[in-house]
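Student: Compute the structure for the input listed below.
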Amino acid sequence: MIRRGNARPSSPRLCLLPLLGLLLLAPPGLSATQTPTAPATALADAGAGTRPGSESTVRLRLRPLPVGVRRVWLETDADGRRVYVMDLLEGGQERLSPDAFAARLAADTRDRTLLFRVFNITSVAGIAWVALGLAGQVLFAGRMVVQWVSSERSRRSVVPTAFWWMSLGGASILLTYFIWRRDIVGVLGQGMGWLIYGRNLWLIHRSRPVPERLEVRALGR
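Tutor: Coordinates of the predicted model:
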């Protein structure tokens, strides 16, 4: 008998180690030869929102909402049937099947005017919000024009106090607009900038000479 290298025949105990590992890792109630098909299906159904034997209600964050609708809920009854419940602006509720709800969304999208589609709104009140957001953006962008004009007049790069006031005002308007839009990126961006602009204005106020402060107070009287 010829042996190659130092290879030794494997021990029967070592062959049992993989089987022992499978037994330890197998879920309770399953043998090593069974496949966990039923638990995997149950997890997939739970992730999709279907929970047979129990009732559930989930609020849907739709943007834009259907015309005349304040909120949309998805209800699942004990038998797993799903119904879309819409809270109407004028009060009351409307319950629709999944097919009817899809048809309602398709009809609303088709009937929206070009202005409503461009602004991504569903009501006239949304036009006012968009106008407010545009005004804040104009004020926020105009600060750069003010800074540029001031630098040209001084023949050097300067940051006037009006720059920070316009930044604070524009950021406040845009922050309100992004909260209405539920835009987390805009809220975080303008929220952090708002603190910086306010801090700069406070530092400018503290750096004023004392006689200037007294003169301003005297004029205020």
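
Student: which residues of this protein fall in strands?
Tutor: Taking DSSP state E as the criterion, the chain contains strands spanning 56-60, 69-76, 82-88, 93-96.

Student: pLDDT of the first one, averaged?
Tutor: This means strand 56-60. Confidence over strand 56-60 (mean pLDDT, whole number) is 84.

Student: That one versus strand 69-76: what angle between them?
Tutor: Relative orientation of strand 56-60 versus strand 69-76 (axes from the mean of the first three to the mean of the last three Cα atoms, to 10 degrees): 150 degrees.

Student: Does strand 56-60 pack against any helices or strands, and if so which?
Tutor: Packing partners of strand 56-60 (3 or more Cβ pairs under 8 Å, 6 or more residues apart in numbering; DSSP states H and E): strand 69-76. Just so you know, the C-beta spots here come from the backbone N, C-alpha and C atoms, and that holds for glycine as well.

Student: if we can go back for a sec, of the strands of the chain, which approaches L115 most closely?
Tutor: Closest to L115 of those, according to Cβ to Cβ: strand 69-76, at 19.5 Å.

Student: What mean pLDDT does that closest one get?
Tutor: 87.

Student: Neighbouring strands - and their directions - for it?
Tutor: strand 56-60 (antiparallel), strand 82-88 (antiparallel) (DSSP bridges).

Student: most packed of those strands?
Tutor: strand 82-88 (a mean of 17; mean count of other Cβ atoms under 10 Å).

Student: CA-only coordinates of that strand in PDB, if you can.
Tutor: Presented in PDB, the C-alpha positions along strand 82-88 are these (Å, rounded to 0.1, in the frame of the first residue of the first chain):
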ATOM      1  CA  ARG A  82     -57.300  44.500   1.400                       C
ATOM      2  CA  VAL A  83     -59.400  47.600   1.100                       C
ATOM      3  CA  TYR A  84     -58.200  51.200   0.500                       C
ATOM      4  CA  VAL A  85     -59.800  53.700   2.800                       C
ATOM      5  CA  MET A  86     -59.600  57.400   1.800                       C
ATOM      6  CA  ASP A  87     -60.400  60.300   4.200                       C
ATOM      7  CA  LEU A  88     -62.100  63.000   2.200                       C
END
